[in-house]
Structures are given as structure tokens and as C-alpha cells.
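S.K.: quick one, what's the 3D model for this:
(chains A and B)
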Amino acid sequence: GENVEQHPSTLSVQEGDSAVIKCTYSDSASNYFPWYKQELGKRPQLIIDIRSNVGEKKDQRIAVTLNKTAKHFSLHITETQPEDSAVYFCAARDQAGTALIFGKGTTLSVSS
Amino acid sequence: GAVVSQHPSRVICKSGTSVKIECRSLDFQATTMFWYRQFPKQSLMLMATSNEGSKATYEQGVEKDKFLINHASLTLSTLTVTSAHPEDSSFYICSGGDGRQPQHFGDGTRLSIL
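M.R.: Down below sits the predicted model:
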């Protein structure tokens, strides 16, 4: 089955800096890669996703890149703000109707 | 957007009690419901996948007789933790799918067994 590795486990940046979180996946059939932000005690919130027919996607300060050959994808947050502090999870899925498999998460801390 | 309503949000009960968690899809038909468990400071781990009208498929290491899943309709799926013990204390969260992306998560249930 699918296995998703995520790094780093913790990331501390200064406000205004960029943050990058990287994930790798094992199943070459995976074609959907969402990123979630989770605040303590709450459900994961989808912040951006990418499908395998696209190499990059951007939404304001957030971008995701995908390298299908290397089977890795990354989340980029620019101009970080204290409210970006949370746990971020990457996930992968091989087809609609199957479960998302999550990485172990990255705790992002943005200090002002 | 699509909404999954999950109840209760918090349960505190004694060891040996059975606890039922409900997830309802409010504005779409959840043909599939995924149940995850999240221990503190850990990731979401898939417990089981249920399809409406059929038996759930459990992940390796998840006891099907302990975690009973029912998905009798396209809008309701339930997870019952039977004879719960302190080690079952966790954050349980469901996610509904209608065959398209993305999945829609419930708000989660924090289960504490004393």
C-alpha cells in the first residue's frame, strides 16, 4: 500500500520568511496530493491540493510542486505570518473513492 | 461546501463502556466513509473504510470486533467502540467521499476513557 514520508517534523521560522515542507510517496499510481492544516483539537483543513497531471499550483502565499518521476511533492508558504503556525499534513491517494494516506505531520512555528 | 456533521465532539466515560460516534453527510451522498484515529502529536491513521450497504474494510491491526462500523445509508455512518479501555482514548475523525475529490472531514470526537 501507499506510504507517505514527510519532513521536517518541526520547522521554526521568523515572520516574513518562507517555509518549505517536503513529502515523498511510494505508490506510483497515486494521483492526488492534498495538504492539510490542523490546529489543536480541530479537524484538518484542506489548504491546497494538486493532481498528477499538474506540476505546480499556487494560491496566494501557498504553492505546491509535484515531481512524479521522483515521487515527491512540496508545500511552499511565503511571507509567513504567526497565524500560519499549526501542524501541516501531506497526503496521497491513488484514486477517488480510496482513503487518503497521511504523512506524519510538520509542526510549523512562526515567530514575530 | 460539503459538510460532514460528527457527534459527539467529546466523550468522557468509564472503562468498559461502549461509545457510538455518528457521522452524517449533510449535503452530499457519502458513498464511502473513512474512519481515522489520531493520537496526541501523531498523524491521522486510517482505521477502516466503509461503503454504503456493505461491510467495512479494516486496516491491519484494527480489531473489527472492537470497532464496529455501520454505513446503512448514504448519509449516515457510525463507529462504535465496544468495551472501551484507556488505550482507546484518542481523537476519532470521519471523512466522507462521494467518489470525487476532496474528501470532507467531520469535526472529530475526542474520546477519553477513565
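S.K.: drop to CA atoms for contacts and neighbour counts, all remaining ones
M.R.: Fine.
S.K.: chain B: strands as residue ranges?
M.R.: B:4-7, B:10-13, B:19-25, B:32-38, B:45-51, B:57-58, B:67-73, B:76-81, B:90-97, B:104-105, B:109-113 (DSSP state E).
S.K.: what's the third one packed up against?
M.R.: Using 3 or more C-alpha pairs under 8 Å, 6 or more residues apart in numbering or on different chains; DSSP states H and E as the contact definition, the elements that strand B:19-25 packs against are strand B:4-7, strand B:76-81.
S.K.: redo those as CSV? Include distance to A:Ser12 and mean pLDDT.
M.R.: Output for the helices and strands packed on strand B:19-25, formatted as CSV (distance: least, C-alpha to C-alpha, whole Å; pLDDT from 0 to 100):
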stretch, distance to A:Ser12, mean pLDDT
strand B:4-7, 33, 95
strand B:76-81, 37, 96
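S.K.: quick one: which of those is nearest chain A?
M.R.: Each of the helices and strands packed on strand B:19-25 was scored for nearness to chain A using C-alpha to the nearest C-alpha, and the closest is strand B:4-7 (10.7 Å).
S.K.: now the helices and strands packed on strand B:19-25 in a markdown table, with distance to A:Phe33 and mean neighbour count?
M.R.: Formatted as a markdown table, the helices and strands packed on strand B:19-25 follow (distance: least, C-alpha to C-alpha, whole Å; neighbours: other C-alpha atoms under 10 Å in any protein chain shown):
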| stretch | distance to A:Phe33 | mean neighbour count |
| --- | --- | --- |
| strand B:4-7 | 21 | 22 |
| strand B:76-81 | 25 | 22 |
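S.K.: how about those in a markdown table, adding distance to chain A?
M.R.: Listed next are the helices and strands packed on strand B:19-25 as a markdown table, based on distance: least, C-alpha to the nearest C-alpha, whole Å:
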| stretch | distance to chain A |
| --- | --- |
| strand B:4-7 | 11 |
| strand B:76-81 | 16 |
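S.K.: distance to B:Met47 for those - can I get that in TSV?
M.R.: Output for the helices and strands packed on strand B:19-25, formatted as TSV (distance: least, C-alpha to C-alpha, whole Å):
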stretch	distance to B:Met47
strand B:4-7	16
strand B:76-81	10
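S.K.: low pLDDT regions in chain A?
M.R.: Chain A contains residues with pLDDT under 70 at A:96.
S.K.: in it, which spans are strands?
M.R.: A:4-7, A:10-14, A:19-25, A:32-38, A:45-51, A:56-59, A:62-67, A:72-77, A:86-92, A:101-102, A:106-111.
S.K.: direction included, what does the last one pair up with?
M.R.: For strand A:106-111, the paired strands and their directions (DSSP bridges) read strand A:10-14 (parallel), strand A:86-92 (antiparallel).
S.K.: contact residues of chain B facing chain A?
M.R.: B:32, B:34, B:42-46, B:49, B:93, B:97-101, B:105-108 (C-alpha under 8 Å from any C-alpha of the partner chain).
S.K.: can you select the buried ones from those residues in PyMOL?
M.R.: Command for PyMOL that selects the buried part of the residues of chain B next to chain A, burial taken from 16 or more other C-alpha atoms under 10 Å in any protein chain shown:
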select buried, chain B and resi 32+34+43+44+45+46+49+93+97+98+105+106+107+108
